[in-house]
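*Asks:* for reference, the sequence and a predicted model appear below.
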Amino acid sequence: MPEISRDFRSAPVPIRLSCPFSNGITLNYYARALSLNSRVLRVLSVNPFERELQLIVAAPFLSGLVRCQVASIRRSKRQASTYEVDLRYVDSPVLRSEEHTSELQSHLNLVCRLLLEK
């Protein structure tokens, strides 16, 4: 878990949110990080996630993948058709095989990829 606090509201950072299912399928969503502290990552998303949903976060300011849970969601007052989502860090580790990779190229051009196991 990050020990720092950051505010990205003036220039939100692109991130990837992944929702893995037990059948092996993973849905990827793209969002923008608004703020970060030691317990919560606030993101701006076009997706209205359900509370308690577990997501895996890949972001250039995090070291590796981080497992989070949707703590709260509300319509954004700043941008129409978007939601501000608070993601609370979950202590369980993210399990990855050697075939799963995540590529972070730059803070502006976040490119993430999940290679499916065969």
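*Replies:* Okay, I see it. Numbering: from 1, shown residues only.
*Asks:* all contacts plus neighbour counts: C-alpha atoms, from now on.
*Replies:* Will do.
*Asks:* was I right about residue 81 contacting residue 48?
*Replies:* No. Using C-alpha atoms under 8 Å, residue 81 is not in contact with residue 48; the gap is 9.9 Å.
*Asks:* secondary structure element for the most centrally placed residue in the chain, which one?
*Replies:* Residue closest to the average C-alpha location in the chain (C-alpha atoms, centre = their mean): residue 57, at 3.3 Å. Using DSSP states H and E, residue 57 sits in strand 54-58.
*Asks:* what does that strand rub up against?
*Replies:* By C-alpha atoms under 8 Å, 6 or more residues apart in numbering, the list of residues contacting strand 54-58 from outside reads 15-20, 64-70, 94, 102, 112.
*Asks:* quick one: that strand to chain centroid distance?
*Replies:* Distance of strand 54-58 from its chain centroid, counting by C-alpha atoms, centre = their mean, to the nearest Å, is 5 Å.
*Asks:* check which element follows it along the chain.
*Replies:* Sequence-wise, the next helix or strand downstream of strand 54-58 (DSSP H and E) is strand 66-75.
*Asks:* give me the next element, helix or strand, following that next one.
*Replies:* Following strand 66-75 in sequence, per DSSP H and E, is strand 83-89.
*Asks:* could I have that following strand exported to CSV, CA atoms only?
*Replies:* C-alpha atoms of strand 83-89 as CSV (Å, rounded to 0.1, in the frame of the first residue of the first chain):
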residue,chain,number,x,y,z
TYR,A,83,-18.4,8.9,-11.6
GLU,A,84,-15.9,9.5,-8.7
VAL,A,85,-15.0,6.1,-7.2
ASP,A,86,-13.2,5.6,-4.0
LEU,A,87,-11.1,2.4,-4.0
ARG,A,88,-10.0,1.1,-0.6
TYR,A,89,-6.8,-1.0,-0.6
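*Asks:* many thanks, I have nothing further to ask.
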